[in-house]
Structures are given as structure tokens and as C-alpha cells.
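Participant: here's my sequence, what's the structure:
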Amino acid sequence: MKKILAVMMACALVFLLAACGNNDSASGDSGSNGNKKEIKELTMGFVPSQEADQIADTVKPLSDYLSKKLGVPVKAQVMTDFSGLVEGMRSGTIDIGFTNPFGYVQAADRANAEVLVKAIRLGSDTYRAQFVVPANSKLKSVDDIAKTKGLKWAYPDPLSTSGYLFPGSLLMDKGVKNLETFYTQQAAGGHDSAVLAVYNGQADFATTFEDARTVVKKDAPDVMDKLKVIGYTDKIPNDGVSVSKDMPEEWKTKIKNAFMSINDDKEALKVMNDVYSWDGVAEATDKDYDIVRTVYERFKDKLE
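Facilitator: Below you'll find the model as predicted:
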């Protein structure tokens, strides 16, 4: 009986050790692969900068390029607006999102997004908003605009980063408490239209991206002489490409490197220029968009 008990206890001990060993092995696999998932396909989300069917055709070469670089099919999906893009990233139906500055801040807040790269335009990864007035205007600075109640203000639309939100935030910093009551506002529908509103005498000043006057030179050849820029906002980070923070680090690196490689490929770079006027690609970090967060908080109700 004692021998039988001894054998049973020995067997139990062996079983227990084996089980513990198996648990350690499983735990190790979970620890090393807990954040890993097999990625067989990726979906990129775009908000149209042109007709939806046109951008779908325009981005196909980019999808093909990234598919080749990443080794998995990369599909392009055109979204109706940035809200839809953010929701797609939140729900996991969109893996890679092309986001404007405020779109990224919303995606980081709501969809746990992480920016990887951002656009280079005209040699810079940032841009500014400008204040435009007639050349003979008595307004000489942004301070003058902030002190003069009742001015007619033309801007593209109230959700435009450089056309309204950053200029509006600067005016508030300079003491304007209520933008809606302090100025007579005119949503012109585009940066070019806002410039022309001042050019045609329909507004006292306009706020646009730098330098939107060049966009209307074909229709108004003397615009550079007739209008002057009297101030700028702080620099705004360019739009970028984001993924979910939950994506495996290995794939974040792969995707970032794939986009950065576009700088060395003339054909791929032309595609980026055709899609969103990117002249190049720069690395980006979440901290780059802190200035956008500050303005976002100020206009959060309007944006949402």
C-alpha cells in the first residue's frame, strides 16, 4: 500500500510540474504575442479632396504601392467626412487614416489613433493662416482687427483649420470674447472665395491659408497689389497618416517605413501629390499636434 501511495504521489507531482510547465509556456506565448494579431489585409480611409469617384481612381496606385511594400493587400475606402473616418478607426474597419490636424486630434481622443507621418508642402511640414486686407486699409495688424468691432470677416467655413479656427483662436487671445457678435461674419465657401470677398470690397478682412492670394491670380491678376497680408497665426502641423495604437509595433514600423520610402520614389510621390498635394513625407509624433489640441478645446462644441 505504501509503495502504491508513493507511486501515486510521484505521478501526481510529475503531472503538477508538467502542468505548471505548460502554463508557463502558454503565459510566455501570451506575453510575447498578446498584442499581436495576424494581419492579412489593411484598409485606408480617405476624405475626398475631389469627387469621390475621382479620388477612388487616384488613390489606387498608392494602394498598389503600399500593398507591394507591406506584403498584404491594402484597400482604399473613401469616407463621406472626417467624422466617418474617425468612427471607422474607432470600430476597426479603417486601419490607416488620412487625417487633417483636427481630424487627428479627434481620432486620437475617440479612436485611440497614433500619427505616424505627415505631409511636406512647399518644403515644410507646417503651415500658417494669414489675415488679408485691402492694400489701402487702415488695418495694419491683427491687433487692429481685434480692436475694431463690426468689421466684415470673410472666411472659407467655420470648421476650416486655417480659414477660421486658428485665426479665431488668435483673435480671442487678443481679447475678442465673442467672435459671432464682434464681427459680421461671412462664410465664403472656400479660401479663394474669401480672398475675392476682400478683393471685391465685400469684406474688410479675410482669413485663409498662406498665401491663398495666388489661387485667384488667374481671375484677379492684380490681387497681390490690391491685397496685403498683415499677420499670421502660429504654425499648424500638416495633415498626416494615423493608425490605431493597438496595432502591433512591428506593423506600425512597417507602415511608417512604407510611407517614408515614398520620398525616394518619384511615381509614388506624384500619386501623393495628386491625392492631397503632398510634396514629401515627414515623420510625425502626437506631440506635434498639441497646439491643435489647445484650439480644439476652445472650439470643441462647434467641431462636434
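
Participant: can you report how many residues lie near Glu114?
Facilitator: 18 (other Cβ atoms under 10 Å). Backbone N, C-alpha and C define where each C-beta goes, glycine included.

Participant: the strands in the protein, which residues?
Facilitator: 42-46, 74-78, 96-99, 113-120, 126-127, 129-134, 152-155, 184-187, 205-209, 227-232, 236-237, 240-244, 280-283 (DSSP state E).

Participant: of all those, which lies closest to Glu297?
Facilitator: Ranking the strands of the chain by distance to Glu297, with Cβ to Cβ as the measure, places strand 236-237 first at 15.5 Å.

Participant: contacts made by the closest one with the rest, please.
Facilitator: With contact meaning Cβ atoms under 8 Å, 6 or more residues apart in numbering, strand 236-237 is reached by 101, 118, 125-129, 161-162, 166, 284, 288-289, 291-292.

Participant: stretch 209-223 now?
Facilitator: 127-130, 132, 162-163, 191-192, 194-196, 199, 224, 226-227, 229, 232.

Participant: what does stretch 99-114 give?
Facilitator: Residues from elsewhere that reach stretch 99-114 (Cβ under 8 Å, 6+ apart): 47, 82-83, 85-87, 89-90, 97, 115, 159, 161, 165, 236-247, 252, 286, 289, 292-293, 296, 303.

Participant: residues of it that come out buried?
Facilitator: If you call a residue buried by 16 or more other Cβ atoms under 10 Å, then stretch 99-114 has these buried ones: 99-108, 111, 113-114.

Participant: Asp286 touches Gly240, doesn't it?
Facilitator: No: applying Cβ atoms under 8 Å as the test, Asp286 and Gly240 come out as separate, 10.2 Å apart.

Participant: residue contacts, Val229?
Facilitator: 130-132, 210-211, 213.

Participant: got CSV for these, with neighbour count, pLDDT and distance to Lys69 too?
Facilitator: Conversion of those to CSV gives the following (neighbours: other Cβ atoms under 10 Å; pLDDT from 0 to 100; distance: Cβ to Cβ, whole Å):
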residue, neighbour count, pLDDT, distance to Lys69
Gln130, 22, 98, 37
Phe131, 23, 98, 42
Val132, 26, 98, 42
Glu210, 17, 92, 33
Asp211, 15, 92, 35
Arg213, 24, 95, 39
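
Participant: quickly name whichever of those is closest to Asn257.
Facilitator: Glu210 (31.1 Å).

Participant: which residues in the stretch 1-150 of the chain form helices?
Facilitator: Secondary structure of the stretch 1-150 of the chain, counting by DSSP state H, counting those that start in this stretch: helices at 2-33, 52-58, 60-70, 82-91, 101-111, 142-147.

Participant: least reliable of the ones you listed by average pLDDT, please.
Facilitator: Looking at those, the lowest mean pLDDT belongs to helix 2-33 (a mean of 37).

Participant: so what's the nearest residue to Gly45 once chain neighbours are set aside up against?
Facilitator: Spatial nearest neighbour of Gly45, excluding adjacent residues (Cβ to Cβ, 6 or more residues apart in numbering): Ile94 at 3.9 Å. By Cβ under 8 Å, 6+ apart, the contact set of Ile94 is 43-45, 77, 79, 85, 88.

Participant: for these, point out the one with the lowest pLDDT.
Facilitator: Among the contacts of Ile94, Met79 has the weakest pLDDT, 88.
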